[in-house]
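> Need coordinates for the below:
(one chain, ligands or ions: 2)
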Amino acid sequence: MADRQMPEVDRVAANRAAVAARQARAEVKARLRSGGLTPEQVLAESLDPETSAHSLRVTDFLLCLPSIGSAKMPRILAELTISDKKRLGGLGIHQRQRLENYLALRRLAAQQVPRLTVLAGPTAVGKGTVAAYIRENYPTISLSVSATTRAPRPGEINGTHYYFVSDAEFDRMITDGELLEWATVHNAYRYGTPRTPIEDSSRRGESVLLEIDLQGARQVREAMPEARLVFLSPPTWEELVRRLVGRGTESTDEQQRRLATAQVELAAQDEFDEVVVNDTVERAAERVVELMNTL
Ligand SMILES: Nc1nc2c(ncn2[C@@H]2O[C@H](COP(=O)(O)OP(=O)(O)O)[C@@H](O)[C@H]2O)c(=O)[nH]1
Ligand SMILES: Nc1ncnc2c1ncn2[C@@H]1O[C@H](COP(=O)(O)OP(=O)(O)O)[C@@H](O)[C@H]1O
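Ligands and ions are numbered 1, 2, ... in the order given. Predicted coordinates:
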């Protein structure tokens, strides 16, 4: 019956019921986020039309799960071939089975050692600064030390900031399969992640952070699908420009080239699991570490 034809008393009752249902769903989401309810419990409850789990949207359900953000959720829905309009109670048998399987795989993966986290983002957004802040303030996080063919800058220590190697040595590392990923960055020098230290840290159950460029992040995604990819974003485009110019390490021409690359890199953030805005270094570092400690 259309709203305007409904007697006033019924309309008030219907509105009250809608508010109560929304509040009940909000409570389910809060308990899901806090771990008071497991995803499996909510999914089982949703079979009962009388429960608020029944009318919970699948999108809201997924967003309550750790390390699923607005960037990753659409990809999961596509993999499960579930419409973003679906509610849990409205899932078809096969859709429900696929969602149950997905949850089972996540639980299995979560029991494995803490995962590899990649921090990438446009040049001059502050990746290096945030990574250095984490190295100095979060001793439990181990930072991958990359190999590079570029020369060290003043203050950079071989083996701490980078392994500074020759082109020939870098070629050998590639040939011998010693690099988890590598890339030529800014059409200049090559950078790559030595594989062994990553594997050793993972075996020790350590949380490992890679601060690498977008090309490298894509290779890690291919090589280690369980890795978590975090995109570091500037508060605004203007702030990114200010940081690049303010850093003063590139010529004006090079700055223009890097800003053009940054435009492309900013468009790639949807490929990432999480986006962290680097408004202040401290807050950005805290958010990245918080994500690394979230299974
Ligand atoms: N693919 C990849 N990129 C890396 C690696 N190490 C550093 N980078 C990236 O290389 C770029 C250049 O870093 P750097 O030489 O420190 O100077 P920058 O010009 O100040 O960014 C940055 O975007 C880093 O994220 C690595 O091991 N692999
Ligand atoms: N949160 C921030 N606020 C202001 N300036 C920042 C912030 N993070 C980094 N910077 C500055 O921005 C510039 C680029 O940082 P850098 O770490 O070199 O970027 P990237 O490693 O992403 O290329 C540096 O001068 C750095 O001091």
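
> got the contact list for L99?
Contacts were defined as Cβ atoms under 8 Å, 6 or more residues apart in numbering; by that measure L99 touches L43, V58, L80, I82, L91. In short, each C-beta sits where N, CA and C put it, glycine included.

> Q97 looks like it's in a strand, true?
No. Applying DSSP: H, G, I helix; E, B strand; the rest coil, one finds Q97 to be helix, outside a strand.

> From here on, call the first residue 142.
All set: I'll call the first residue 142, so the last point we hit is now Q238.

> That one: how many residues sit nearby?
By other Cβ atoms under 10 Å, the residues close to Q238 number 12.

> By mean pLDDT, which helix or strand of this protein comes out lowest?
When the helices and strands of the chain are scored by mean pLDDT, DSSP states H and E, helix 336-344 comes last with a mean of 85.

> ok, and what's touching it?
Helix 336-344 is contacted by residues V254, L257, S283, S285, V286, G318, E319, L320, L321, V349, L351 when judged by Cβ under 8 Å, 6+ apart.

> Out of those residues, which sit inside strands?
Using DSSP state E, the members of the contacts of helix 336-344 that fall within strands are L257, S283, L320, L321, V349, L351.

> what about the fourth one, distance to Q404?
Taking Cβ to Cβ, to the nearest Å as the criterion, L321 is separated from Q404 by 28 Å.

> If you count surrounding residues, which of those two has more?
Ranked by neighbour count (other Cβ under 10 Å), L321 and Q404 place L321 first, with 23 against 11.

> Mind pulling the model confidence for the more buried one?
pLDDT recorded at L321 is 94.

> Next up, the contacts around it.
For L321, the contact set (Cβ under 8 Å, 6+ apart) comprises G333, T334, P335, R336, I339, Q360, V361, A364, M365.

> excluding its backbone neighbours, what's nearest the last one?
What that stands for is M365. Spatially, and ignoring its direct neighbours in sequence, M365 is nearest to L257 (5.9 Å; Cβ to Cβ, 6 or more residues apart in numbering).

> Report the beta-bridge partner residues of that neighbour.
Counting by DSSP bridges, L257 forms beta bridges with V349.

> okay but it is in contact with R369, surely?
Yes. Here L257 lies in contact with R369, judged by Cβ atoms under 8 Å, at a distance of 7.2 Å.

> and G231, how many neighbours does it have?
Here the number of neighbours of G231 (other Cβ under 10 Å) works out to 16.

> now swap in R166 and tell me
There are 20 residues near R166, going by other Cβ under 10 Å.

> can you check L432 too?
Residues lying near L432 (other Cβ under 10 Å) number 19.

> Mind listing residues that contact the host helix or strand of it?
Secondary structure assigned from DSSP states H and E places L432 in helix 422-433. Applying Cβ under 8 Å, 6+ apart, the set of residues contacting helix 422-433 from outside is 208, 255, 258, 260, 267, 270-271, 274-275, 278-279, 282, 348, 350, 369, 371, 373, 415, 417-419.

> cool, and stretch 322-333?
When contacts are taken as Cβ under 8 Å, 6+ apart, the neighbours of stretch 322-333 outside the stretch itself are 264, 287-291, 303, 308, 311, 314-315, 320-321, 334, 353-354, 356-357, 360-361, 364, 395, 398-399, 402.

> One more: stretch 383-391?
Residues outside stretch 383-391 that contact it (Cβ under 8 Å, 6+ apart) are T264, A265, V266, G267, R294, P375, Q396, R399, L400, A403.

> Just give the closest residue to the fourth one, not the sequence neighbours.
Nearest non-adjacent residue to G267, counting by Cβ to Cβ, 6+ apart: N419, 4.3 Å away.

> Which pLDDT does the model give that neighbour?
What the model reports as pLDDT for N419 is 98.

> Repeat that for D414.
The score at D414 is 91. That number is its pLDDT.

> how about the helix or strand I275 falls within as PDB, C-alpha atoms only?
Applying DSSP H and E as the criterion places I275 in helix 268-278. Coordinates of each C-alpha in helix 268-278 appear next as PDB, following Å, rounded to 0.1, in the frame of the first residue of the first chain:
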ATOM      1  CA  LYS A 268      56.300   6.900   1.700                       C
ATOM      2  CA  GLY A 269      59.900   7.100   2.700                       C
ATOM      3  CA  THR A 270      59.200   9.500   5.600                       C
ATOM      4  CA  VAL A 271      56.400   7.300   7.000                       C
ATOM      5  CA  ALA A 272      58.500   4.200   6.600                       C
ATOM      6  CA  ALA A 273      61.500   5.800   8.400                       C
ATOM      7  CA  TYR A 274      59.100   7.000  11.200                       C
ATOM      8  CA  ILE A 275      57.900   3.400  11.500                       C
ATOM      9  CA  ARG A 276      61.500   2.000  11.500                       C
ATOM     10  CA  GLU A 277      62.400   4.400  14.400                       C
ATOM     11  CA  ASN A 278      59.200   4.200  16.500                       C
END
